[in-house]
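Novice: Take this sequence and fold it.
(one chain, ligands or ions: 1)
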Amino acid sequence: MSDHETAPAEVDDEEEIPTDHPRYQDLVTRHRIEEGVRKGITHLQGMHAEGRGSAFDYLIGEETIPSADEAERAAAAQLLLADHPVLSVNGNVAALVPGEMVELADAVGADLEVNLFNRTPERMNAIADHLREHGAEDVKGLDADAHVPGLDHERAKVDADGIHDADVVLVPLEDGDRAEALAEMGKTEIVIDLNPLSRSAQTAAIPIVDNIVRAIPNVMRHARELKGATEDELRRIVAAFDREAALEAAERAIRQGDLD
Ligand code: PTJ
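Specialist: Prediction:
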């Protein structure tokens, strides 16, 4: 039996996870979520969400499939075209990719807004501080001076000059009715969710079925490449993206293990 067939029993630091472990990325992700819970950033339910995501990722081959790469390119183009893009951050996103979200926001001129299902002032502040520690200058979501019509839970609370005013919103890692409610408000949504059947993915104009730890850096890579593109080129990339085909390709990959 290989030394690395099981996870190290206890890991205090991400650095202790052997990089040649066959499930390295999954172990790092799990560790970041645990750390997030310990720091008061991630809700305990975030662990269930991560487990669900991890199972889908295993079936999809723990790689960015071609249809996800196309979605990530279309997402980059859509963010660059937007008048007011906003990237929504919950407790899992903050634990997994805080620096990458700050970098993407900078690259496409987007706002970052904390929006939580299990909203408490302590978690809101902990996440905002965590994003600031990773270089964010302005973090929205704390004012909560507007709301998303048609929602009766905490995710309805948004900033008037943030998500409420946005034309394009990136909604990662939440399966729920907010995506539908935001679409009702006329917003264009980009969703990141490893479950192609989740309500958010099904509603999104651009559903990205990929692990967020791969998706955000890849959207950023595309955004950098497309920085000099004309508005026409960006519009063509968005128009050429076929959301139904992308969802079908992801579901096929998961059901059939058709990874080629
Ligand atoms: O921080 P809060 O209070 O806003 O709560 C956030 C959670 C994540 C707990 C809440 O949004 C939740 O319960 O989400 P769900 O309903 O479990 O949905 C999360 C979705 O994200 C599921 O469809 C998972 O498959 C997917 N997912 C989980 N981890 C990843 C992922 N998708 C991409 N990358 C991941 N790493």
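Novice: which ones are touching the nearest residue to residue 69 once chain neighbours are set aside?
Specialist: Using C-beta to C-beta, 6 or more residues apart in numbering and skipping residues adjacent in sequence, the residue nearest residue 69 is residue 218, 6.7 Å away. Where you see a C-beta, it was placed from the backbone N, CA and C, and this is true even at glycine. Counting by C-beta atoms under 8 Å, 6 or more residues apart in numbering, residue 218 touches 64, 69, 72, 210.
Novice: Please repeat the previous calculation with a cut-off of 7 Å.
Specialist: 64, 69, 72 (C-beta atoms under 7 Å, 6 or more residues apart in numbering).
Novice: most surrounded residue in those?
Specialist: residue 72 (26 neighbours; other C-beta atoms under 10 Å).
Novice: what's the distance between it and residue 152?
Specialist: 33 Å (C-beta to C-beta, to the nearest Å).
Novice: cool, residue 99 as well?
Specialist: Taking C-beta to C-beta, one finds residue 99 at 34 Å from residue 152.
Novice: Which one's more surrounded, the two?
Specialist: Per other C-beta under 10 Å, whichever of residue 99 and residue 152 has more neighbours is residue 99, with 13 against 7.
Novice: The ligand contacts on the stretch 51-200 of the chain?
Specialist: Residues of the stretch 51-200 of the chain found near the ligand (C-beta under 6 Å from any ligand atom) are 52-53, 56, 90-92, 96, 116-118, 173-175, 192-195, 198.
Novice: mind listing which of those residues are in strands?
Specialist: residue 192 (DSSP state E).
Novice: returning to what we had before: just how off-centre is the helix or strand containing the residue nearest to residue 69 within its chain?
Specialist: In this assignment (DSSP states H and E), residue 218 forms part of helix 212-226. Remark: helix 212-226 is offset 11 Å from the chain centroid, using C-alpha atoms, centre = their mean, to the nearest Å.
Novice: Just the buried positions in that helix, please.
Specialist: Neighbour-count burial for helix 212-226 flags 212, 213, 214, 215, 216, 217, 218, 219, 220, 222, 223, 226 (criterion: 16 or more other C-beta atoms under 10 Å).
Novice: same question for it, mean pLDDT?
Specialist: Helix 212-226 comes out with an average pLDDT of 98.
Novice: now swap in stretch 80-87 and tell me
Specialist: The model assigns stretch 80-87 a mean pLDDT of 98.
Novice: Which stretches in this protein count as strands?
Specialist: Under DSSP E, the chain gives strands at 85-89, 111-114, 139-140, 146-147, 157-158, 168-172, 188-192, 206-208.
Novice: Report how many residues lie close to whatever residue of the chain ends up closest to the ligand.
Specialist: Nearest to the ligand in the chain, going by C-beta to the nearest ligand atom, is residue 53, at a distance of 2.4 Å. Residues near residue 53, counting by other C-beta under 10 Å, number 22.
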